[in-house]
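A.B. asks: Test case, fold it:
(one chain, ligands or ions: 3)
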Amino acid sequence: MNRRDFFKFVGIGGAIAGVGALMPSQTVAGRKGDLRYEVKPGELDDYYGFWSGGHSGEVRVLGVPSMRILKRIPVFNMDVATGWGITNESKKLLRGKFVGDTHHVHGSYRNGTYDGKYLFVNDKANNRVARIRLDYMETDAILDIPNIQGAHGLFPQRYPKTEWLVLNAEFQIPVPNDPKKPKEKYYGVHTIIDAERMEIVCQIILEENLDLAATDYKGKYSMANSYNPEQGVTISEMLAWDHDYLIIFNWEKIREALRKGAYTMVNGVKVIDGTRKTGYPGLVLRIPVPKNPHGVNITPDGRYAISSGKVDPTCTVVDLELVDKAFEGKIKPEECIVAQPYVGLGPLHTTFDDRGNAYTSCFIDSTVVKWNVKKAIDSPKRSKDAIVDIIDIHYQIGHIMASMAETKEADGKWLIALNKVSKDRFLNVGPLKVENDQLIDISGKKMKLVKDEPAWLEPHDCIVVRRDIVEKNVKHRHDMFEHPQAVTESGIVRKGRHVIVKMTANAPVYGLQDIRVKKGDKVTFIVTNNDEIQDLAHGFCISNYNINFVVAPFQTKSVTFTADKPGVFWIYCTNFCHALHLEMRSRFIVEA
Ligand code: CUK
Ligand code: CUA
Ligand code: CA
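C.D. replies: Residues are numbered from 1 along each chain as shown. Ligands and ions are numbered 1, 2, ... in the order given. Predicted coordinates for the structure are as follows:
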């Protein structure tokens, strides 16, 4: 058995019918397929890539096509490099929770394309949503979501602009969470969030679990694939039905239900009933799809929603114009399905170019399958006729994303295959291996694999955003007075047993040489970097006090702790800032 066959065998698809010979069709005229992927020293990338970090809890910034890692943005984790989770500002957002599981990162939109303002990301582990400001590339808000578990699919409104975000709960639970409730009273939840205020607008509860999320390009619908409408609590129960659903939420009806007060309050949130029998009329549409689907993605022209089969070797194409009719009751939900092309074993996610082609990740086959959406609509269901090209990846692909593919400006240049297994592609680093993100040139008719990039556990998804969209907003320094306690003059204030130390940091000195406190005092350090020079960051570490953070130009950070150890403790700068960086030190003297 060769390696590829072995992976197929260990995949969940052992039981699925065999693969035939897949012949590329000759229908799509391509461009050349010879994009330059080498970014030479001193050159810049054409795209910003934003990667989720999985159970590292962070978000990563990569340059595409170089795949160079530019930054790790701490979000739901603790990060000693920057002091995230150590400073008062970050602790206020994290509220004591340092475990995160980021799967889906998406940008804010205006008119169907990115506006370069924010990123949003889910935390599946502790059921939170975070917002990252793209001007500083720092997390600026974290919202706890009650009444849910398995916070998974997240998607911002695409049109006319991002006012709402939707978040799908993958695990059904009792709402409110009463352990005495039988499993028939466990619900999946679609949460609507106000993206600017980072507040919950409402939640819709329904029997189905909700997995991946998407919004349309008209501001009318959000959606979810559901693999467990069975309300199963075991894997066999979750696989019981012969079909599951693509679920569509009608925003006009959500607004109407809110206006009419058709909700109950649960843990401070407006909860709307979306269940099959008693749900608010016309709010939820359930389109049957082959059992246990995964993923839902919208074509860049806004016309079609595509959900992948996962345990079925097809993708299901839903025409969103027919969805309008189905909501009006003129056609049945299943009549919204216009195509169901065969793609391969274990299809999970789909992305797009600007020429009407879709690219689906096939987990079990370890392939990317390029197929033509129009051709699929014109072909019989379950046929292979729409397939244009197939490329092997290495190995076990999950998400897939092409440049700008989640916008109406999809440009059909680069595609990222986010593979779960790298097996022998990199130096052996012990039992826990890196993953493999592969860069594929999709500008031609044939896909071309050009690069392997190791990824630490475990990015699920990414977006690839044109550089001009992001770059115009990114700043070199903070706005000093955005922080209410910005320090322009150093000094010490004592309020009873609370000592507040305000300190400037200017290369190569802190604003105070000695800070004297008494053992047992509560101490707050507020540190402002008063150097506005680009790239001149200072660190602030107190020896043996387990405190370290970094302050960027014009940034202010603070930390509060108890001075519980007497002695002399050197405060030193951890970030090389000056020829006299090593001398950038002050004494923290704790008197017994
Ligand atoms: S899920 Cu990970 S491969 Cu969480 Cu987006 Cu499909
Ligand atoms: Cu300041 Cu090093
Ligand atoms: Ca199922």
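A.B. asks: Point me to the residue of the stretch 51-200 of the chain nearest ligand 1.
C.D. replies: Of the stretch 51-200 of the chain, the residue with the smallest distance to ligand 1, taken as CB to the nearest ligand atom, is residue 103 at 3.7 Å. All C-beta atoms are positioned from the backbone trio N, CA, C, and that covers glycine.
A.B. asks: tell me, how many neighbours does the nearest residue to that residue once chain neighbours are set aside end up with?
C.D. replies: For residue 103, ignoring the flanking residues on the chain, the nearest one in space by CB to CB, 6 or more residues apart in numbering is residue 460 at 4.2 Å. Neighbouring residues of residue 460 were enumerated by other CB atoms under 10 Å; the total is 23.
A.B. asks: State the helix or strand in which residue 460 lies.
C.D. replies: Taking DSSP states H and E as the criterion, residue 460 maps to no regular element, lying outside all helices and strands.
A.B. asks: coming back round to it: do I have it right that the residue of the stretch 51-200 of the chain closest to ligand 1 meets residue 124?
C.D. replies: Yes: under the criterion of CB atoms under 8 Å, residue 103 is in contact with residue 124, at a separation of 5.8 Å.
A.B. asks: wait, isn't the residue nearest to residue 103 in contact with residue 59?
C.D. replies: No: using CB under 8 Å as the test, residue 460 is too far from residue 59 to be in contact (11.3 Å).
A.B. asks: which neighbours do the two share?
C.D. replies: 52, 102 (CB atoms under 8 Å, 6 or more residues apart in numbering).
A.B. asks: overlap in contacts of residue 103 and residue 124?
C.D. replies: Taking CB under 8 Å, 6+ apart as the criterion, residue 103 and residue 124 both touch residue 152.
A.B. asks: can you dump the C-alpha coordinates of the lengthiest strand in the chain into PDB?
C.D. replies: Longest strand in the chain, counting residues (DSSP state E): strand 113-123. Coordinates of the C-alpha atoms in strand 113-123 are reproduced here as PDB (Å, rounded to 0.1, in the frame of the first residue of the first chain):
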ATOM      1  CA  THR A 113     -15.300  43.000  -0.600                       C
ATOM      2  CA  TYR A 114     -12.900  43.600   2.300                       C
ATOM      3  CA  ASP A 115     -12.700  47.100   3.700                       C
ATOM      4  CA  GLY A 116      -9.500  46.400   5.600                       C
ATOM      5  CA  LYS A 117     -10.900  47.500   9.000                       C
ATOM      6  CA  TYR A 118     -11.300  44.400  11.100                       C
ATOM      7  CA  LEU A 119     -10.700  40.700  11.400                       C
ATOM      8  CA  PHE A 120     -13.100  38.500  13.300                       C
ATOM      9  CA  VAL A 121     -12.300  35.000  14.700                       C
ATOM     10  CA  ASN A 122     -14.200  32.400  16.700                       C
ATOM     11  CA  ASP A 123     -13.100  30.500  19.800                       C
END
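A.B. asks: Which strands or helices does whichever helix or strand comes after it pack on?
C.D. replies: Using DSSP H and E, the helix or strand that directly follows strand 113-123 along the chain is strand 128-133. Contact here means 3 or more CB pairs under 8 Å, 6 or more residues apart in numbering; DSSP states H and E; on that basis strand 128-133 packs against strand 113-123, strand 138-144, strand 149-156.
A.B. asks: okay, those in TSV with distance to ligand 2 next?
C.D. replies: Converted to TSV, the helices and strands packed on strand 128-133 look like this (distance: least, CB to the nearest ligand atom, whole Å):
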stretch	distance to ligand 2
strand 113-123	29
strand 138-144	20
strand 149-156	38
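A.B. asks: Same list (the ones you listed) but as JSON lines, adding distance to ligand 3.
C.D. replies: As requested, the helices and strands packed on strand 128-133 are exported to JSON lines (distance: least, CB to the ion, whole Å):
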{"stretch": "strand 113-123", "distance to ligand 3": "22"}
{"stretch": "strand 138-144", "distance to ligand 3": "29"}
{"stretch": "strand 149-156", "distance to ligand 3": "15"}
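A.B. asks: Present these as a markdown table; the columns should include mean pLDDT.
C.D. replies: Converted to a markdown table, those look like this (pLDDT from 0 to 100):
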| stretch | mean pLDDT |
| --- | --- |
| strand 113-123 | 98 |
| strand 138-144 | 98 |
| strand 149-156 | 98 |
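A.B. asks: so where do the helices sit in the stretch 201-350 of the chain?
C.D. replies: When secondary structure is read from DSSP state H, counting those that start in this stretch, the stretch 201-350 of the chain shows helices at 235-238, 251-259, 320-327.
A.B. asks: ok, back up a step: any chance of the helices and strands packed on strand 128-133 in JSON lines with distance to residue 536 as columns?
C.D. replies: JSON lines is the format used below for the helices and strands packed on strand 128-133 (distance: least, CB to CB, whole Å):
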{"stretch": "strand 113-123", "distance to residue 536": "25"}
{"stretch": "strand 138-144", "distance to residue 536": "17"}
{"stretch": "strand 149-156", "distance to residue 536": "34"}
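A.B. asks: Please render those as CSV that adds distance to ligand 1 and mean neighbour count to the earlier fields.
C.D. replies: Rendered in CSV, the data for these read as follows (distance: least, CB to the nearest ligand atom, whole Å; neighbours: other CB atoms under 10 Å):
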stretch, distance to ligand 1, mean neighbour count
strand 113-123, 8, 24
strand 138-144, 19, 18
strand 149-156, 6, 24
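A.B. asks: near ligand 1, which residues of the stretch 201-350 of the chain?
C.D. replies: Of all the residues in the stretch 201-350 of the chain, those in contact range of ligand 1 (CB under 6 Å from any ligand atom) are 212, 294, 348, 349.
A.B. asks: I meant the stretch 351-500 of the chain, not that one.
C.D. replies: Taking CB under 6 Å from any ligand atom as the measure of proximity, the stretch 351-500 of the chain contacts ligand 1 at 398, 399, 460, 461.
A.B. asks: Give me the pLDDT value at the second one.
C.D. replies: This means residue 399. What the model reports for residue 399 is a pLDDT of 98.
A.B. asks: contacting residues for it?
C.D. replies: Applying CB under 8 Å, 6+ apart to residue 399 gives the contacts 348, 349, 361, 418, 460, 461, 462.
A.B. asks: One more pass at 6 Å, please.
C.D. replies: By CB atoms under 6 Å, 6 or more residues apart in numbering, the contact set of residue 399 is 349, 418, 460, 461.
A.B. asks: Hmm, residue 217 and residue 302 touching each other?
C.D. replies: Yes: with contacts counted by CB atoms under 6 Å, residue 302 reaches residue 217, the gap being 3.2 Å.
A.B. asks: Which one of those two is surrounded by more residues?
C.D. replies: The neighbour comparison of residue 302 against residue 217 (other CB under 10 Å) goes to residue 217, with 21 against 16.
A.B. asks: Now that one. Its backbone dihedrals?
C.D. replies: Its backbone dihedrals place residue 217 at phi -100, psi 10, with angles given as degrees, to the nearest 10.
A.B. asks: Report the contact partners of it.
C.D. replies: For residue 217, the contact set (CB under 6 Å, 6+ apart) comprises 112, 158, 159, 302.
A.B. asks: so which of those residues comes closest to residue 437?
C.D. replies: Minimum distance to residue 437 across these is 25.1 Å, recorded for residue 158 (CB to CB).
A.B. asks: Can you tell me the closest non-neighbouring residue to that closest one?
C.D. replies: Spatially, and ignoring its direct neighbours in sequence, residue 158 is nearest to residue 109 (4.6 Å; CB to CB, 6+ apart).
A.B. asks: element containing that neighbour?
C.D. replies: With DSSP H and E as the criterion, residue 109 is inside strand 105-110.
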